[in-house]
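Participant: Sharing a sequence plus its predicted fold:
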Amino acid sequence: MPATLHVDDLTVRRGPQLVLDAVTFTVAPGRRVGLVGPNGVGKSTLLGALAGTVELERGSVQLLPPGAGIGWLAQEPERRVDEVVRAYLARRCGVSAATAELDAATAALADTTADEAAAAAVAERYSDALEQWLALGGADHDARAEQVWHELGLAERLLDTPMTALSGGEAARAGLAALLLSRFELYLLDEPTNDLDLDGLDRLERWLRGVPQAVVLVSHDRTFLDRTVTDVVELDEFTHRATWFGGGWQAYRDERELARRHARERYDEYETKRKGLAGRAQREREWATQGLSKAKKKPTDNDKFIKHFKVNQSEQLAGRAARTQKAMERLEVVEQPREPWQLQLSVGSPGRGGDVVAALEGAVVQRGGFRLGPLELEIRAGERVALLGPNGSGKTTLVDLLVGRSEPTEGRRVLGRSVVVGEIDQARRLLAGGGAFQRAFSDASGLGQSETRTLLAKFGLGAEHVTRPLDTFSPGERTRAALALLMATGANCLVLDEPTNHLDLPAIEQLEQALDGFEGTVLLISHDRSVLANVALTRTVRLEAGRIVADEPV
């Protein structure tokens, strides 16, 4: 039975820092709520609080009926060492835990030494365990898992492959398979579109539109949000509170823009009135002071009536100034709208190299059971090429070959002269490890300490970030760091592998603008349909099963 989620006065702190304040909303069955806000505002924290893994300072999270099962898809797939895909799917669907409980209850039921009261409790435990196991689909889980895996176009051998051996796209599809197999009463999804290809996105969207359960999801994919959510909850980075918007993604965009325009208009009207009254009060005080000063001076005509008139007139002006001041104080104060931090990204270029950036001539790469090629491909200076294709088609392998990270096992690769590559890789490995972030960034960029701190501040990475180990960074923080490194190094060839993963919406829009202003060569791998539509491409290269099947101008 689908559950209803009630969130009341939910407040979370991390040490002295307020993360979420008095968040209150209700999600009924069939509603799909998009949770939005800038990176670091607390979206993943809120999902964790809803799942019961984050401690609350105050407030409550209630499910009706109580005890309803929650399906939680984390932002990055949890890859346990030595856990194969079959076991991962069973664990993520809750079937593993339900099976273990059913086995334990069955063993307890077979214990004939228990007294009558204990036997009744054991029988009730067995009944509950069996009901839960059946509700989660344990009876036919293995058969359904193989069917879903086949429908996703993945090789059956991967079901017995360790999760740690999967590519980013394969791991994303494993997460999608877990969703399609699951039978929970409430779903919490954190960036479910990351690394999914277009077919996977279509399957996810169709599944979401068909589930009767309540769903709360975090995503920065604008097309996905437009096609799936029925409501939007926006977290404010200044107040740490939540605002509910009904009517879907476009209705939220329109209503938010209207609210911001009205807030600006109200503040401008208030400021105009306040400044007008303040100026008038100042003039009236100055006139009253000047008039009184002149009146008290020895008059040339010795007419006491004229002197009295001038003093009285000055006092009236002082009274008018006081009334104007009172009118200003009676104005309803309108706070100035606070502007959110924006990523100001620009990617410079050290200058153009040769006409050819990279070329492949009969090039082949063999990686285990996967073969890329043979390929004939030439990338010319200034081209903006999108590399498209399903997960596992060889896009990332092709990029590795083009930039010289791997060597062809057959054929040859030619790199153009004076090519300076700036890269954001799919796994964000350029800045990785457990060392201090500032040292790693300085080593990679060649910048000094002061220059490094100044640049990182532009990307929302402040003093609290530079001394932290890199392995404590969130996915969004790692992506912003990678963008900062692009800006620091300068490049005439940008290689971007799923660059919008983990970026918030304003940062994605800034990246699109920066790419439009970049004069060098761009190689872009992305399944974000809005990005592919907004970036001015000159060419698309489509791969399937390690071969180029289409190479077309845009």
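Facilitator: That came through fine.

Participant: make it CA atoms for all contacts and neighbour counts henceforth
Facilitator: Noted.

Participant: Residue 548 falls within a strand, correct?
Facilitator: Yes: under DSSP: H, G, I helix; E, B strand; the rest coil, residue 548 falls within a strand.

Participant: That one contacts residue 387, correct?
Facilitator: No: using C-alpha atoms under 8 Å, residue 548 is not in contact with residue 387, being 9.8 Å away.

Participant: which residues do those two both contact?
Facilitator: Residues touching both residue 548 and residue 387 (C-alpha atoms under 8 Å, 6 or more residues apart in numbering) are 541, 542.

Participant: so where's the stretch 51-200 of the chain uncertain?
Facilitator: Along the stretch 51-200 of the chain, segments meeting pLDDT under 70 span 76-77, 112-114.

Participant: Just the helices from it, written as ranges.
Facilitator: 85-92, 95-109, 116-135, 141-151, 168-181, 198-210 (DSSP state H, counting those that start in this stretch).

Participant: Pull the residues that contact the first one.
Facilitator: It stands for helix 85-92. 71, 96-97, 141, 145, 158-163, 174-175, 177-178, 182.

Participant: List just the nearest of these to residue 125.
Facilitator: When the contacts of helix 85-92 are compared for distance to residue 125 (C-alpha to C-alpha), residue 97 wins out at 14.4 Å.

Participant: Would you quantify the distance from the nearest residue to that closest one once chain neighbours are set aside to residue 121?
Facilitator: Closest residue to residue 97 apart from its sequence neighbours, by C-alpha to C-alpha, 6 or more residues apart in numbering: residue 91 at 6.9 Å. Separation of residue 91 from residue 121 (C-alpha to C-alpha, to the nearest Å): 27 Å.

Participant: The two: who's more crowded?
Facilitator: residue 91 (16 against 12; other C-alpha atoms under 10 Å).

Participant: could the helices of the stretch 51-200 of the chain go into a markdown table alongside distance to residue 542?
Facilitator: Below are the helices of the stretch 51-200 of the chain laid out as a markdown table (distance: least, C-alpha to C-alpha, whole Å):
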| stretch | distance to residue 542 |
| --- | --- |
| helix 85-92 | 28 |
| helix 95-109 | 38 |
| helix 116-135 | 42 |
| helix 141-151 | 22 |
| helix 168-181 | 16 |
| helix 198-210 | 13 |
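
Participant: Which of the ones you listed sits closest to residue 35?
Facilitator: With C-alpha to C-alpha, the closest approach to residue 35 among the helices of the stretch 51-200 of the chain belongs to helix 198-210: 15.1 Å.

Participant: Below-threshold pLDDT in this protein: ranges please.
Facilitator: 76-77, 112-114, 284, 287-318, 339-353, 426-435.

Participant: one more time with 50, if that's ok
Facilitator: Along the chain, the parts satisfying pLDDT under 50 run over 292.

Participant: Select the longest helix from it.
Facilitator: When the chain is parsed with DSSP state H, its longest helix is helix 249-296.

Participant: Please name every helix or strand in contact with that one.
Facilitator: helix 222-228, strand 231-235, strand 242-246, helix 304-330 (3 or more C-alpha pairs under 8 Å, 6 or more residues apart in numbering; DSSP states H and E).

Participant: tell me how far stretch 383-391 is from the chain's mean position?
Facilitator: Here stretch 383-391 shows a centroid-to-chain-centroid distance of 22 Å under the convention C-alpha atoms, centre = their mean, to the nearest Å.

Participant: Same check on stretch 121-132?
Facilitator: 41 Å.

Participant: May I see the buried residues of it?
Facilitator: For stretch 121-132, the buried set under the neighbour-count rule, 16 or more other C-alpha atoms under 10 Å, comprises 122, 123, 125, 126, 129, 130, 132.

Participant: Give me the contacts around it.
Facilitator: With C-alpha under 8 Å, 6+ apart, stretch 121-132 has contacts from 98, 101, 102, 105, 106, 108, 109.

Participant: before we move on, back to that, list just the nearest of the buried residues of stretch 121-132 to residue 436.
Facilitator: For the buried residues of stretch 121-132, the nearest to residue 436 is residue 132 (46.3 Å; C-alpha to C-alpha).

Participant: can you tell me how far the closest one sits from residue 179?
Facilitator: To residue 179, residue 132 is 18 Å away according to C-alpha to C-alpha.

Participant: which ones are touching residue 233?
Facilitator: 33, 34, 35, 36, 242, 243, 244, 245.

Participant: Now render those residues as a markdown table, adding distance to residue 326 and neighbour count.
Facilitator: Listed next are the contacts of residue 233 as a markdown table, based on distance: C-alpha to C-alpha, whole Å; neighbours: other C-alpha atoms under 10 Å:
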| residue | distance to residue 326 | neighbour count |
| --- | --- | --- |
| 33 | 47 | 26 |
| 34 | 46 | 25 |
| 35 | 44 | 26 |
| 36 | 43 | 21 |
| 242 | 36 | 21 |
| 243 | 35 | 12 |
| 244 | 38 | 16 |
| 245 | 39 | 19 |
